[in-house]
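Peer 1: the following comprises the amino acid sequence and a computationally predicted model.
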Amino acid sequence: MRLSLLDRSRTRAGYSDADAVGHTVERAVAAERLGYHRFWVAEHHAVPGIASASPPVLLGALGARTSTIRIGSGGVMVPHHQPLVVAEQFLLLDALYPDRVDLGVGRTLGFTAPVRAALRHGSDAPDTFPADIAELRDHLDGTAAVTARPAAARTVPVFVLATGRGLAVAAGLGLPVVIGGPVLSSPSLPDALAAYRTEFRPSSRAPEPSVTVALDVLVADTDAEARELALPEAWAMARSRQTGEFGPLEPVETIRAQPWTGQLRDRVEAHLAQGAVGSPATVRAHVERLAEVTGTQEIMAFSSTYDRDAQAASDVALRDLVLGAPRAR
């Protein structure tokens, strides 16, 4: 089993957006030392709780501070970008950090209507996602009508961040997929993955289908402690349903001191139930169950909490239970 991290540069109350980006770089350095396989960053625009809006720029900083771990995007939202420009950005990263750069692509349009309008992507815009990925792949491979540069090794693998429809797109293009969120609890997931594997068309980039599971993971000594660590993210998600704004992570004591409605409590509980949150034994059972259902050989954890020390300890504990604790020398 491979183990990777997706970090969204979550902002925290009392810290600046610049601090959040710096925290991401520090976590990537730690992840490399721990033996994680990949470290990916996200693209979110004008979201108060997330400081990462430009994966290529942030990946440049991560590559400069690390030397072996793979770095990538989880993902670049292709509807907002011209395929040629994305190819140029990632070919440049590949030239700087050879054989270490991944390109995960998605189709999320934006958190709110004003953000979508600012990105020049209205609700009536045509769905060009499959064609955009195909064009992007051609630019990366050097087979398009124009040659994207730098035209060096061209070793950038492409992953599709997939829902049910995205699985079909990935199968047709012969690309690996990353699945996560509500799709993991869907009763149709086994059938959807079976169809992806059956319909997969082998390509020069991926000779066989590949599934990575992106999962919200927090590990602590006990289930109760882990749930407390997961509360800031669950609270921010639940509150966003009420306010329309996904805010910074808050300390647990601040959250506990605020008024809770029954609806808010239900939404927090629903969010906590989606992830692998608990003691090492609880998380191990959750990961093993997902591996059996999905056939995945890679877990990509995307957890976040207000307490950075507890986050770092969770990353260590997850490494230990999936990859094994390092042997004493």
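Peer 2: Cool, got the structure.
Peer 1: every contact and neighbour count from this point should use C-alpha atoms.
Peer 2: OK.
Peer 1: the stretch 51-200 of the chain: helices as residue ranges?
Peer 2: Counting by DSSP state H, counting those that start in this stretch, the stretch 51-200 of the chain has helices at residues 55-65, 83-96, 113-118, 129-141, 164-173, 189-199.
Peer 1: so which elements touch the fifth one?
Peer 2: Here helix 164-173 is seen to pack against strand 158-161, helix 189-199 when contacts are counted using 3 or more CA pairs under 8 Å, 6 or more residues apart in numbering; DSSP states H and E.
Peer 1: let me have those in CSV, extended by mean neighbour count and mean pLDDT.
Peer 2: As requested, these are arranged in CSV below (neighbours: other CA atoms under 10 Å; pLDDT from 0 to 100):
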stretch, mean neighbour count, mean pLDDT
strand 158-161, 25, 96
helix 189-199, 17, 95
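Peer 1: could these be laid out in TSV, adding distance to residue 12?
Peer 2: TSV is the format used below for the helices and strands packed on helix 164-173 (distance: least, CA to CA, whole Å):
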stretch	distance to residue 12
strand 158-161	26
helix 189-199	34
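Peer 1: residue 55: which of the ones you listed is closest?
Peer 2: strand 158-161 (14.3 Å; CA to CA).
Peer 1: what is the distance between the closest one and the centre of its chain?
Peer 2: Distance of strand 158-161 from the chain centroid (CA atoms, centre = their mean, to the nearest Å) equals 11 Å.
Peer 1: outside of that strand itself, list whatever touches it.
Peer 2: Under the criterion CA atoms under 8 Å, 6 or more residues apart in numbering, residues 74-75, 102-106, 137, 166-167, 170, 175-179, 205 lie in contact with strand 158-161.
Peer 1: CA atoms of it as PDB?
Peer 2: Extracted as PDB, the C-alpha positions of strand 158-161 are listed here (Å, rounded to 0.1, in the frame of the first residue of the first chain):
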ATOM      1  CA  VAL A 158      -2.000  12.600 -15.400                       C
ATOM      2  CA  PHE A 159      -4.700  11.600 -12.900                       C
ATOM      3  CA  VAL A 160      -8.400  12.300 -13.100                       C
ATOM      4  CA  LEU A 161     -10.200  13.300  -9.900                       C
END
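Peer 1: low-confidence ranges, the stretch 51-200 of the chain, go.
Peer 2: Applying pLDDT under 70 to the stretch 51-200 of the chain flags the ranges 110-111, 122-123, 153, 164.
Peer 1: one more pass at 80, please.
Peer 2: Applying pLDDT under 80 to the stretch 51-200 of the chain flags residues 108-113, 121-126, 152-154, 163-164.
Peer 1: do the stretch 201-329 of the chain as well
Peer 2: Using pLDDT under 80 as the threshold, the predicted model of the stretch 201-329 of the chain has low-confidence ranges 325-329.
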